[in-house]
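Student: Quick one: sequence plus predicted model below, questions after.
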Amino acid sequence: MSPDFLIIAAIIFFVAGIFHGSIGTGFPMIATPLLALITDLQIAIILTLIPTVLVNLVSIISEGNALAAVKQHVPLALYALLGSSLGTILLISLNSDIFKALLGIAILIYLYIDKVQFNLSWIRQRPQLSKLIFGTSAGFLGGLTNVMAPVLIIYSLESRHTKKQIIQANNLCFMFGKLIQIILFSSYGLFNQSELTNSLIMILVTSFALFIGIKIKKRIEADLYKKILKRLLLVLAIIILIQVAF
C-alpha cells in the first residue's frame, strides 16, 4: 500500500472512529464504503479487521455490565461467527464487484429499515430459532460486506431490546465475526505482516478518534450525528452502486 493510500485510509478511520465514539455505532459502515471507493472490498475489509475489534470492545465495555452482556448475547454472536465464516470464504473465493453492489444495497436497507413495518412476533416466541436465523444471516452479510446492521436491527427491534442491548449485541456479533475473519484471511495468506502493520497504524488513529467521539457524545445531541451519518451513508451507497454499474 502506497503512503498516499495509507494517509487517505487514516483520514477515513479517523472520521469513522469519531462517529462511532459519539453514537455507539457506525465505524465499519462508514469506513468500509469509503475504503471501497479507492480499493476493492476485500482489501477494505482486511484493513478494518483489527481496528473494528478494538471499536467493538470499547463500545461493549463503555455501555457497562460487559460480562452480563456477553453472557446474554453470546449465542447470537456464535451464530454470527458461523455466518461470517461462510461469507468470508465466499468473498475470498470470488472477490467480485458484485459484493460491492451488495454493500451499497445493505446500506440502503439500513437507512430505510425504519420505514417498513414488521410483524415478526415469532422472533420472541421462538428465541433460539430466531437467534440461529438472524445471527447466521447477519454474519454471512457481514462476512461479505462488513455490514451486519440491517439484519441485527430487525432482530433487536422485534426482540424489544433496549438501546444498550442493541449496541452491545451488535458490537459483540461484529467482534466475533472479525475475529474469525482474521483467522480465515491469515490462513489464506491474505492477512500477513504487512497488513498487520497497517492495521496497527490504523488502531492508533481509531483510538484517538474514539476518544474524541466519546467526549463529543457528552456535549452534542446524538440525533444530529445520526442525521449526518445517514446522509453520508446515502451518498456513499449511491456512489458505490454507480461505480459498480459503470
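Tutor: Now that the structure is in, tell me what you want to look at.
Student: make it CA atoms for all contacts and neighbour counts henceforth
Tutor: Fine.
Student: contacting residues around stretch 233-246?
Tutor: For stretch 233-246, contacts defined as Cα atoms under 8 Å, 6 or more residues apart in numbering pick out 29-30, 33-34, 36-37, 97-98, 100-101, 103-105, 107-108, 111.
Student: again with stretch 116-128
Tutor: Contacts of stretch 116-128 (Cα under 8 Å, 6+ apart): 129-130, 155, 158-159.
Student: Check which element follows the longest helix along the chain along the chain.
Tutor: Ordering each helix of the chain by length in residues (DSSP state H) puts helix 66-94 first. Sequence order places helix 98-112 as the next helix or strand after helix 66-94, per DSSP states H and E.
Student: Centre of the chain to whatever helix or strand comes next after that following helix, how far?
Tutor: Helices and strands here follow DSSP H and E; after helix 98-112, the next one along the chain is helix 122-125. Helix 122-125 has its C-alpha centroid displaced from the chain centroid by 25 Å (Cα atoms, centre = their mean, to the nearest Å).
Student: quick one: the next helix or strand after helix 122-125 to helix 98-112, angle?
Tutor: Toward the C-terminus, helix 122-125 is succeeded by helix 127-145 as the next helix or strand (DSSP H and E). If you take axes from the mean of the first three to the mean of the last three Cα atoms, to 10 degrees, helix 127-145 sits at 130 degrees to helix 98-112.
Student: quick one, the next helix or strand after helix 127-145 and helix 127-145 angle?
Tutor: Scanning forward in sequence from helix 127-145 by DSSP H and E, the next helix or strand is helix 149-158. Relative orientation of helix 149-158 versus helix 127-145 (the same axes, to 10 degrees): 160 degrees.
Student: Run through this protein and note the low-pLDDT ranges.
Tutor: Within the chain, the ranges that satisfy pLDDT under 70 run 118, 222, 225.
Student: Can you tell me the centre-most residue of it?
Tutor: Pro28 (3.9 Å; Cα atoms, centre = their mean).
Student: Could you give me the buried positions within the strand or helix carrying Phe211?
Tutor: Assigned by DSSP H and E, Phe211 falls within helix 193-217. Residues 195-196, 198-199, 202-203, 205-207, 209-210, 212-214, 216-217 are the ones in helix 193-217 that count as buried (16 or more other Cα atoms under 10 Å).
Student: circling back to that earlier point, contacting residues around the residue nearest to the centre of the chain?
Tutor: For Pro28, the contacting residues are 16, 48, 52, 146-147, by Cα under 8 Å, 6+ apart.
Student: any chance of these in JSON lines, plus neighbour count and distance to Leu172?
Tutor: Listed next are the contacts of Pro28 as JSON lines, based on neighbours: other Cα atoms under 10 Å; distance: Cα to Cα, whole Å:
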{"residue": "Ala16", "neighbour count": "25", "distance to Leu172": "18"}
{"residue": "Thr48", "neighbour count": "24", "distance to Leu172": "16"}
{"residue": "Thr52", "neighbour count": "27", "distance to Leu172": "11"}
{"residue": "Asn146", "neighbour count": "32", "distance to Leu172": "14"}
{"residue": "Val147", "neighbour count": "28", "distance to Leu172": "13"}
